[in-house]
Each structure stands twice: as C-alpha cells, then as structure tokens.
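Asker: sequence unknown, structure follows:
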C-alpha cells in the first residue's frame, strides 16, 4: 500500500498504524473491563434465581416434560435485568454483556451444581431433567445474542452428557481420550468426569474407578 511513497512517509504511516493498533487494544480492554463491572453490578438481580437451582430435587425427580421452575425464574430475571440496556447499548456491547453474564455468573453456578462441594445427587430421571433445564437455558441465551453462545456452555453440556450416560463405560463411545476425529472434543479432565459420574446414585463406584480415563 506504500508503493511510490517516500521512505520517510512510509515510516510515519507505519508509526500511525502501530499507534492505532495499540489504541484499539487499550480501548477494547477498557470496554471489557467496564462491561465486566456492569455484569458484576447486575449479578444481584440474577443471583437469587441462580440460587434456586440448589433447591431442585434431581435425586427423586419424576419424569418431566418441561424445564424446572428455577429455569423460568432465571430467564425472567435476565430478561428484566437486560431490558433497560437494549436501547442504551449497541448490539456488540449488549452481546458482550450477555457473554460476560454467562461466563462469569451463570456457568460457574451451573458447574457448582454438578461438581461443587455441595453438589446434589442425580437419579437417571434427575439427570434427564437437568439436561432439559440446561437446554432451555442455552436456547434462551442463544436467542438474545447475535453471537453464538453455545461454545460457552460446552463444559457444562459435557457434564450433562456424562450425567445421562446409561453406565460409566459408555463414555468411551464419545471419543474419550482421542485427539481429533469425530465424536466429542472433551473440555473436562478425568477427575472432573469421575466427579460427575459419582453424582449419579445408580452408578457403582467400583465401575467408575475401573475406568481407564
């Protein structure tokens, strides 16, 4: 692009381009920091709904055809919380805010629900209910963002997959331990997989321990 320009002019142009690139990085970082602070402020409006998930009974859950009431409460809380920002923020900033709420507040709560210190137990039907709840949450956030958000839910989706196995050994049918190829590209490590399996009340510990993960 500098064809025909003097060496001094090219040097000045390249210096300006470098400064613009640096300024862009600084502004981008400042924007993300501001949005993270905003998401932290908004958490107090969403956290009560996230806390309701701890009251879900996934151990004695019966077959259900709809998501849990805690999911309905969470969706309502997020919609109400974000409504004032739909006009005040451009689409890029709003999508960044949604992504930040997911990564910094929603996902940590859902992961603790499965592998946290006080994680509940899951029956087979309870695991199915959790999967239904998770799909409803993922679908909701996908619907309010112009960016794809499903990648953010990969880890917790894999936890749900493990919870819903017919038996521990079935994990080998999902590309466990293989790099590339078809199947699942795992974001969970072996210890996390075992922790998830231990939440299932009908999975025998000796079968979990016998797996070569």
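Answerer: Nice, thanks for sending it over. All values derive from a computational prediction rather than experimental measurement.

Asker: Point me to the helix or strand that includes residue 193.
Answerer: helix 190-198 (DSSP states H and E).

Asker: packing partners for that helix?
Answerer: Helix 190-198 sits against helix 107-115, helix 154-163, helix 205-210, with contacts defined as 3 or more Cβ pairs under 8 Å, 6 or more residues apart in numbering; DSSP states H and E. C-beta coordinates here come from the backbone N, C-alpha and C atoms, glycine included.

Asker: wait, residue 169 sits on residue 213?
Answerer: No. Judged on Cβ atoms under 8 Å, residue 169 makes no contact with residue 213 at a distance of 10.9 Å.

Asker: Show me where this protein dips below the pLDDT cut-off.
Answerer: Scanning the chain with the threshold set as pLDDT under 70 gives 1-11, 13-14, 19, 23-24, 26-27, 63-65, 177-183.

Asker: Now do the buried residues in stretch 53-66.
Answerer: With burial defined by 16 or more other Cβ atoms under 10 Å, the residues of stretch 53-66 counted as buried are 53, 56, 58, 61.

Asker: Show me which of those is closest to residue 101.
Answerer: Nearest to residue 101 out of those is residue 53 (Cβ to Cβ; 15.6 Å).

Asker: ok, the buried residues of stretch 53-66 vs residue 208, which is closest?
Answerer: Of these, the one sitting nearest to residue 208 (Cβ to Cβ) turns out to be residue 58, at 18.3 Å.

Asker: Any figure for the gap between that closest one and residue 137?
Answerer: The spacing between residue 58 and residue 137, counted by Cβ to Cβ, to the nearest Å, is 15 Å.

Asker: Kindly report the same for residue 165.
Answerer: Distance from residue 165 to residue 137, counting by Cβ to Cβ: 21 Å.

Asker: more crowded one of these two?
Answerer: residue 137 (23 against 18; other Cβ atoms under 10 Å).

Asker: from memory that one sits against residue 72, does it?
Answerer: No. Applying Cβ under 8 Å, one finds residue 137 not in contact with residue 72, separated by 10.6 Å.

Asker: Contact partners for residue 69?
Answerer: residue 52 (Cβ atoms under 8 Å, 6 or more residues apart in numbering).
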